[in-house]
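Engineer: Turn this into a structure:
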Amino acid sequence: MADLFPDSLPASTADEPRPDAPLADRLRPRSLSEVVGQEHLTGPEGAIGRMVAAGKLSSMILWGPPGTGKTSIARLLADAVGMRFASISAVFSGVADLRKAFAEADKAAAAGQRTLLFVDEIHRFNRAQQDGFLPFVERGTVTLVGATTENPSFELNAALLSRAQVLILHRLDAAALGLLLDKAEELEGPLPLTPEAREALVASADGDGRFLLNQAETLYAAKIGSDGSGPLDPAALGSFLQRRVAVYDKDREGHYNLISAWHKALRGSDPDAALYYMARMLVAGEEPLFVLRRLVRAAVEDIGLADPQALVQCLAAKDAYDFLGSPEGELAIVQACLYCATAPKSNAAYKAQKAAWQSAKETGSLMPPRSILNAPTGLMKDIGYGKGYAYDHDADDGFSGADYWPDEMERQTFYAPVERGFEREVRKRLEYWAKLRAERRGGE
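Structural biologist: Here you go, the predicted model:
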């Protein structure tokens, strides 16, 4: 529902909004060419532009952040190709509303009128409700245009996705948001802002056009500067208006996107980028203990024995946060993040785990060599348990070179330490032991 322009008005561009309507409503585009920031879709070479030029629409899912024009595009699409426009919201609608919408579309089709059915927040319908669209889309009763802020591949079922194009709307950039402010000033007059404050206002919108226009309307309503006090600078603007809260649903795609970006920045040894993405999560309300759990995972997956202290640092940060609480304890999380980002990297332990697990699944229940099995009973000694075991501490260099693998298996190599950090020393040890093993096994 949080689109750039409201969906309460008829689709026809001939209908003018009321003079007292919200600024965003009065500035709603009258044609697809007036939609800002989505030219990759609405332009002549865009998917929507091509469909309109051909005069035939296919069903589509409009996926994008709030305030980027999804509802406006749907309304204007119906106008552009002469279709009847019908709209429902998955937040407020149920099965009865869907049946009514489809029945009305059937009647319109019988009269020769095609229907564009716009479904806002379509991801909020459950899988069974989504399946209910399929027969009506397949036989052409409606052309479905769904709008969602969530990743369709996670939230919509495959059958529905196979019948609709997914079109991605971009977060509005500074140029697009500036164009919206230009339109507002053409209608309402100059905003009472210094150039720097105007830039700060655009930045505060975080890509949401509706939020930006609502902020501008607040400034106009307050009649800032009418008392001769002059325009607001960035500091004064910040004390007067609120920033838009960053989009971050803890169980949605924004959450997973930031986690992915943060983990890859840690892995890529970019401490500043890692700190930035971690700050994004924590400022948006992520649980610090979740962040710490992900740091521990990075320490064992991407650093491992290249720097064994990384895991120690992360667990110490967890203890420090438990001890200090927020906000003081967050500095310990920062320290652990920076340590991991600047540590030498190795995924040798991670790869070794994968290979060893796979081998264990494939080899089943192979017995270890009898020489390394305990023999607590006389019978077990009689059948050879423990016979010939070489006690490593009695061998030269504390290394016997014995074969510890099942008789039916060749020796495997799962762990291959890298030439970085502490693993360089581990590698030297393994190479030395391999040399001794070859010498001593060869001499038997």
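
Engineer: Could you say which helix or strand holds the most centrally placed residue in the chain?
Structural biologist: For the chain, the residue sitting closest to the mean C-alpha position, by CA atoms, centre = their mean, is residue 257 at 2.3 Å. Element membership of residue 257, judged by DSSP states H and E, is helix 253-267.

Engineer: Send me the following helix or strand past that helix as PDB with only the CA atoms.
Structural biologist: Per DSSP H and E, the first helix or strand lying C-terminal to helix 253-267 is helix 271-283. Provided in PDB are the C-alpha atoms of helix 271-283 (Å, rounded to 0.1, in the frame of the first residue of the first chain):
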ATOM      1  CA  PRO A 271      36.800  -3.800   7.300                       C
ATOM      2  CA  ASP A 272      35.000  -0.600   6.400                       C
ATOM      3  CA  ALA A 273      32.400  -2.200   4.300                       C
ATOM      4  CA  ALA A 274      31.900  -4.900   6.900                       C
ATOM      5  CA  LEU A 275      31.400  -2.300   9.600                       C
ATOM      6  CA  TYR A 276      29.000  -0.400   7.400                       C
ATOM      7  CA  TYR A 277      26.700  -3.300   6.700                       C
ATOM      8  CA  MET A 278      26.900  -4.400  10.400                       C
ATOM      9  CA  ALA A 279      25.900  -0.900  11.400                       C
ATOM     10  CA  ARG A 280      23.000  -1.000   9.000                       C
ATOM     11  CA  MET A 281      21.700  -4.100  10.700                       C
ATOM     12  CA  LEU A 282      22.100  -2.900  14.200                       C
ATOM     13  CA  VAL A 283      20.800   0.600  13.600                       C
END
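
Engineer: which residues does residue 267 contact?
Structural biologist: By CB atoms under 8 Å, 6 or more residues apart in numbering, the residues touching residue 267 are 298, 302, 345. For glycine as for every other residue, the C-beta is placed from the backbone atoms N, C-alpha and C.

Engineer: can we see that at 10 Å?
Structural biologist: Taking CB atoms under 10 Å, 6 or more residues apart in numbering, we find residue 267 in contact with 274, 298, 301, 302, 303, 340, 341, 345, 347.

Engineer: so which of the residues you listed is the most crowded?
Structural biologist: Among the contacts of residue 267, residue 303 has the most neighbours (other CB atoms under 10 Å), with 31 neighbours.

Engineer: residues in contact with the residue lying closest to it once chain neighbours are set aside?
Structural biologist: Of all residues not flanking residue 303 in the chain, residue 310 sits nearest, at 4.3 Å (CB to CB, 6 or more residues apart in numbering). The contact partners of residue 310, taken as CB under 10 Å, 6+ apart, are 266, 295-296, 298-300, 302-304, 336, 339-345, 421.

Engineer: same thing with residue 427?
Structural biologist: Shown in contact with residue 427 (CB under 10 Å, 6+ apart): 305, 348, 415, 416, 417, 418, 419, 420.

Engineer: and the closest residue to residue 173 other than its chain neighbours, how far is that from residue 29?
Structural biologist: Take residue 173 and drop its neighbours on the chain: the residue closest to it by CB to CB, 6+ apart is residue 37, 6.7 Å away. Using CB to CB, to the nearest Å, residue 37 is found at 11 Å from residue 29.

Engineer: picking up where we left off before, doesn't residue 151 make contact with the residue nearest to the centre of the chain?
Structural biologist: Yes. Contact criterion CB atoms under 10 Å: residue 257 and residue 151 qualify, at 9.1 Å.

Engineer: who touches the helix or strand hosting residue 100?
Structural biologist: Element membership for residue 100, per DSSP H and E: helix 95-110. Outside helix 95-110, the residues that touch it by CB under 10 Å, 6+ apart are 83-84, 86-90, 93, 113-117, 119, 125, 128-129, 132-133, 135-136, 139-143.

Engineer: circling back to that earlier point, compare residue 37 and residue 29 (neighbour count), which wins?
Structural biologist: The residue with more neighbours, out of residue 37 and residue 29, is residue 37; 24 against 19, by other CB under 10 Å.

Engineer: and that one, what does it touch?
Structural biologist: Residues near residue 37 by CB under 10 Å, 6+ apart: 4, 64, 67-69, 169-173, 175-177, 179-180, 207, 209.

Engineer: quick one: the strands in the chain?
Structural biologist: 60-63, 84-89, 115-120, 142-148, 165-168 (DSSP state E).

Engineer: Can I get those in CSV including mean pLDDT?
Structural biologist: Below are the strands of the chain laid out as CSV (pLDDT from 0 to 100):
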stretch, mean pLDDT
strand 60-63, 93
strand 84-89, 90
strand 115-120, 92
strand 142-148, 92
strand 165-168, 92
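
Engineer: Turn those into a markdown table, columns for distance to residue 97 and mean neighbour count.
Structural biologist: As requested, the strands of the chain are exported to a markdown table (distance: least, CB to CB, whole Å; neighbours: other CB atoms under 10 Å):
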| stretch | distance to residue 97 | mean neighbour count |
| --- | --- | --- |
| strand 60-63 | 19 | 25 |
| strand 84-89 | 6 | 19 |
| strand 115-120 | 10 | 25 |
| strand 142-148 | 14 | 25 |
| strand 165-168 | 24 | 16 |
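
Engineer: mind giving me a markdown table with these and columns for distance to residue 195?
Structural biologist: Below are these laid out as a markdown table (distance: least, CB to CB, whole Å):
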| stretch | distance to residue 195 |
| --- | --- |
| strand 60-63 | 34 |
| strand 84-89 | 39 |
| strand 115-120 | 36 |
| strand 142-148 | 35 |
| strand 165-168 | 32 |
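
Engineer: between those, which one is nearest to residue 217?
Structural biologist: Nearest to residue 217 among these is strand 115-120; the distance by CB to CB comes to 22.4 Å.

Engineer: and the closest one, how far out from the chain's middle?
Structural biologist: Averaging C-alpha positions (CA atoms, centre = their mean, to the nearest Å) puts strand 115-120 27 Å from its chain's average.

Engineer: Quick check: mean pLDDT of the top helix by length along the chain?
Structural biologist: For the chain, the longest helix by residue count, based on DSSP state H, is helix 423-442. For helix 423-442, mean pLDDT is 89.

Engineer: For residue 419, give its distance to residue 365.
Structural biologist: 37 Å.

Engineer: so of the contacts of residue 37, which ones are in helices?
Structural biologist: 175, 176, 177, 179, 180, 209.

Engineer: In TSV: those, plus pLDDT and distance to residue 201.
Structural biologist: Converted to TSV, the ones in helices among the contacts of residue 37 look like this (pLDDT from 0 to 100; distance: CB to CB, whole Å):
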residue	pLDDT	distance to residue 201
175	92	14
176	93	14
177	93	9
179	93	14
180	92	11
209	90	12
